[in-house]
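Visitor: the sequence isn't on hand, but the structure is:
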């Protein structure tokens, strides 16, 4: 009697039949550190995506800075909306290349889980305040391996963790093409939504963008993303890459943004305050370890108070970080 396939097995058979020979097949995953019983419905990569979406760190992304600190307007990006845009772009590229979209989605959803409050300013502040060389991509892996589920971690597959670790520019390229697609999508997403947010915030005007990039990449966000995505799909095979001219224009636009936005004293005028808040919180928790939440006690005992303080502060949202600072350092009005 022939065994009837369950839904997961049917999906995995469809992967073998329809995906590129360069794609990562879920049936051939390198596995998890702790073996788990297979889900009859979801593939391992689908399951990883669900674990990430339902974890605490993912929800906190809603209140974490993307570029503009603690934005009050309704339409500025947060770390969560950035994550969703990265996922959308990455899945479009992945479908065009016939790669594993479930693996792409899991990596994209998890790539920024380790980001600090106040964006990269918070990352630099923790790096300066503590003896730990803080890197948000490494912290994202730490979140899914150790910090979630009261220290048990999410027990994700090795391919997802590798893609998360390798999404940043200074990291090596991911082992899978799916992980490399997410790294490119991260670049495409942030360069385009940061332009839009900078224009909304009065930091830039459309006319400020380099003329050559407007001609070569497009006049609008949609046109630019389409050009960059198309270049990736048309020029990728054994690796994921753009054609030289499109990449040159992308770098021109990126360099322009670093000078006009990321180093702009108006856009970044409050970062010094944000870094001071994080630095003072770190010093206070190191001096008062008993005030860390109970779930950080094991980290404190096994890895030291410095590591526990960094993990706690890195996980804070912008508003919770400010509220914690005010609770500790700002005098309360006298009431009787």
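Guide: Received it, and whenever you're ready, just let me know what you need. Just so we're clear, the structure is a prediction, and the values are computed from it rather than from any experiment.
Visitor: now the end-to-end length of stretch 17-30.
Guide: Using C-alpha to C-alpha, to the nearest Å, the end-to-end distance of stretch 17-30 comes to 20 Å.
Visitor: before we move on, what about stretch 146-165?
Guide: 14 Å.
Visitor: ok, now which ones touch the closest residue in space to residue 203 that isn't next to it in sequence?
Guide: Closest residue to residue 203 apart from its sequence neighbours, by C-beta to C-beta, 6 or more residues apart in numbering: residue 267 at 5.0 Å. Just so you know, the C-beta spots here come from the backbone N, C-alpha and C atoms, and that holds for glycine as well. By C-beta atoms under 8 Å, 6 or more residues apart in numbering, residue 267 lies in contact with 67-68, 198, 201, 203, 261.
Visitor: of the residues you listed, closest to residue 164?
Guide: residue 67 (21.0 Å; C-beta to C-beta).
Visitor: output the contacts of residue 267 as CSV; include the columns neighbour count.
Guide: Putting the contacts of residue 267 into CSV (neighbours: other C-beta atoms under 10 Å) gives the following:
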residue, neighbour count
67, 24
68, 22
198, 22
201, 17
203, 19
261, 22
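Visitor: quick check: buried residues in stretch 300-310?
Guide: Buried residues in stretch 300-310, defined by neighbour count with 16 or more other C-beta atoms under 10 Å: 300, 305-310.
Visitor: touching that stretch from outside, list them.
Guide: Counting by C-beta under 8 Å, 6+ apart, 126, 130-132, 134, 282, 285-286, 289, 292, 296-297, 299 sit against stretch 300-310.
Visitor: state the next helix or strand along the chain beyond the helix or strand hosting residue 198.
Guide: In this assignment (DSSP states H and E), residue 198 forms part of helix 177-200. Using DSSP H and E, the helix or strand that follows helix 177-200 in sequence is helix 211-216.
Visitor: which other helices and strands contact that following helix?
Guide: Under the contact definition 3 or more C-beta pairs under 8 Å, 6 or more residues apart in numbering; DSSP states H and E, helix 211-216 sits against helix 244-257.
Visitor: got the contact list for residue 241?
Guide: Going by C-beta under 8 Å, 6+ apart, residue 241 touches 232, 235, 247.
Visitor: quick one: the helices in the stretch 51-200 of the chain?
Guide: 56-60, 79-97, 101-110, 119-129, 136-142, 158-165, 177-200 (DSSP state H, counting those that start in this stretch).
Visitor: so which of the ones you listed gets nearest residue 47?
Guide: Closest to residue 47 of these is helix 101-110 (C-beta to C-beta; 8.6 Å).
Visitor: mind checking which helix or strand residue 38 is in?
Guide: Secondary structure (DSSP H and E) places residue 38 outside all helices and strands.
Visitor: list the contacts for it?
Guide: Taking C-beta under 8 Å, 6+ apart, one finds 8, 44 in contact with residue 38.
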